[in-house]
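**Student:** how would this look folded up:
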Amino acid sequence: FSYYLENNDRGWSNWSTETKKEYNNLDPGEYTFFVKSKNIYGTEGRLATYKFRVLAPWYKTAWAYVLWSALAGFVVWFITIAYSVRVRTQRKKLQLIVADRTYEVMTQKKEIEQQNHLLKAKNEEISTQKDDIQKKNIQLRESQEEILSMNQKLTELNMYLEKKVEKRTSKIKATLKQLQQINGELDTFVYRASHDLKGPISRINGITSLAKLESPDDINLKYFDMIEHTAKDMEVLLSKLAQVHEIINSKPRKDEIDIPSLLSEIRDVIKFHDKSLKTKYAFDLNVVNITSDRYLLSIIIKNLIENALIFRKTSNIEPHHIHISTSIKEGIFEIRIKDNGIGIHAPHLNMIFQMFFRGSDKSKGSGLGLYLVKMCVDKLKASIAVESQENEFTEFTVSIPL
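**Tutor:** Down below sits the predicted model:
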């Protein structure tokens, strides 16, 4: 037998008695297989042909290339949106600084206008008392010289202030150019400082533990506990400052999240807020698995439960309850966290997500908890709503598109 594969072989094969032929790694396309036979006398038989087609793999098809292009466009769009959000945030900071500088300039200008107004009033008073002034020519001349001197000083003062305003305006313009770089450096500094300070705090905790072993007196133990508690508060503050940097520079991921497991981990982390273990948890988890950013969602849930533990009622008349429920509506994952604590003062509802805001004397923290929650919610393109009644309840609802 001798064979030839059109569009693959360069020519006919040598004669052989092999009755089969294998081809590997054929490119996609149309092929025709030719085979001819010859007997022992050298007589060739009829030419046989077989046509077949090799299809392209799915990832080289036209619709696959369209899919790759759409995916690349989505990534570019997402990066553009994230960058624009960051630019808007920095622009707002710049606007606040410019507003402060403008307010200072306007205040100085008003002071000058008030001085000028007082001077004019004094001139009018002098003109209405001409008769008395004529009798006191000497005093009048002295007064006129004093007034001229004051006018000259005022003119000089005006010129000085104008130059000062121009100089300050030029400084403001220069400051505006440097603010973006400074903000970036400040963000990096806060992040690095928060990490660098964790080492000394860990050493403080270690030294305190050794001190407890060597000096187990009740009075000493009391102060050691206070030191440990203060170090813990500092460690929490540094952790939240580092989280601000991490959230700003993070990109939301798609993780498979087991809600019960996540809640168990969070409760274990913040259990020091409820050392008496008197808080009762109730769960209504209609949804136990979702796909979202696990890190950002854990920050949201952790800070909301932490707030519920911190702002619980001090009386033992009514036990403290925290109710957590989950659901999905039209592709939106909702998690609700409700507690029967002291509630939120109504005028403070619009300010609780601001950085460093503390709406109660009971708050001993940094005021960053709910600010971190809002940052994570914005990062996930989600929304958060709060309902509260003082001394009754507080309920947060977080809605995350899946």
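
**Student:** quick one: least confident helix or strand in this structure?
**Tutor:** helix 130-134 (a mean of 69; mean pLDDT, DSSP states H and E).

**Student:** and after that helix, which helix or strand comes next?
**Tutor:** Next along the chain after helix 130-134, taking DSSP states H and E as the criterion, comes helix 137-214.

**Student:** Give me the neighbour count for the closest residue to residue 255 other than its chain neighbours.
**Tutor:** Of all residues beyond its chain neighbours, the one nearest residue 255 is residue 294 (4.2 Å), with distances taken as CB to CB, 6 or more residues apart in numbering. Where you see a C-beta, it was placed from the backbone N, CA and C, and this is true even at glycine. For residue 294, the neighbour count with other CB atoms under 10 Å is 16.

**Student:** Would you mind confirming that residue 294 is in contact with residue 259?
**Tutor:** No - counting by CB atoms under 8 Å, residue 294 stays clear of residue 259, with 10.4 Å between them.

**Student:** Strands of the stretch 201-350 of the chain, start to end?
**Tutor:** Secondary structure of the stretch 201-350 of the chain by DSSP state E, counting those that start in this stretch: the strands cover 255-258, 280-285, 289-292, 321-329, 332-339.

**Student:** Identify each buried residue in the third one, please.
**Tutor:** Okay, so that is strand 289-292. Neighbour-count burial for strand 289-292 flags 290, 292 (criterion: 16 or more other CB atoms under 10 Å).

**Student:** Parallel or antiparallel, which strands does that strand pair with?
**Tutor:** When pairs are called by DSSP bridges, strand 289-292 turns out to pair with strand 255-258 (antiparallel).

**Student:** For the partner strand, what is the distance to the chain centroid?
**Tutor:** 20 Å (CA atoms, centre = their mean, to the nearest Å).

**Student:** Which positions within that strand qualify as buried?
**Tutor:** For strand 255-258, a neighbour-count test (16+ other CB under 10 Å) marks residue 257 as buried.

**Student:** Just the residues contacting it, thanks.
**Tutor:** 288, 289, 290, 291, 292, 293, 294, 297 (CB atoms under 8 Å, 6 or more residues apart in numbering).

**Student:** list the contacts for the fourth one?
**Tutor:** I take that to be residue 291. Residue 291 neighbours (CB under 8 Å, 6+ apart): 254, 255, 256, 257, 402.

**Student:** Of those residues, just say which sits nearest to residue 307.
**Tutor:** residue 257 (21.4 Å; CB to CB).

**Student:** Report the separation between the closest one and residue 9.
**Tutor:** As judged by CB to CB, to the nearest Å, residue 257 and residue 9 stand 56 Å apart.

**Student:** Check residue 159 too.
**Tutor:** Distance, residue 159 to residue 9, by CB to CB: 97 Å.

**Student:** How about residue 134?
**Tutor:** 129 Å.

**Student:** The two: which is more packed in?
**Tutor:** residue 9 (15 against 9).

**Student:** residue ranges with poor pLDDT in the protein?
**Tutor:** The model of the chain has pLDDT under 70 over residues 130-131, 133, 176, 178-199, 233, 277, 316, 356, 358-367.

**Student:** switch the cut-off to 50
**Tutor:** Scanning the chain for pLDDT under 50 picks out the ranges 189.

**Student:** Next up, the contacts around residue 387.
**Tutor:** Listed by CB under 8 Å, 6+ apart, the contact set of residue 387 reads 393, 394, 395, 397.

**Student:** Just confirm residue 104 is within a strand.
**Tutor:** No - membership of residue 104 in a strand is not supported by DSSP: H, G, I helix; E, B strand; the rest coil, which gives helix.

**Student:** That one: neighbouring residues, count only.
**Tutor:** Residue 104 has 11 neighbours, counted by other CB under 10 Å.
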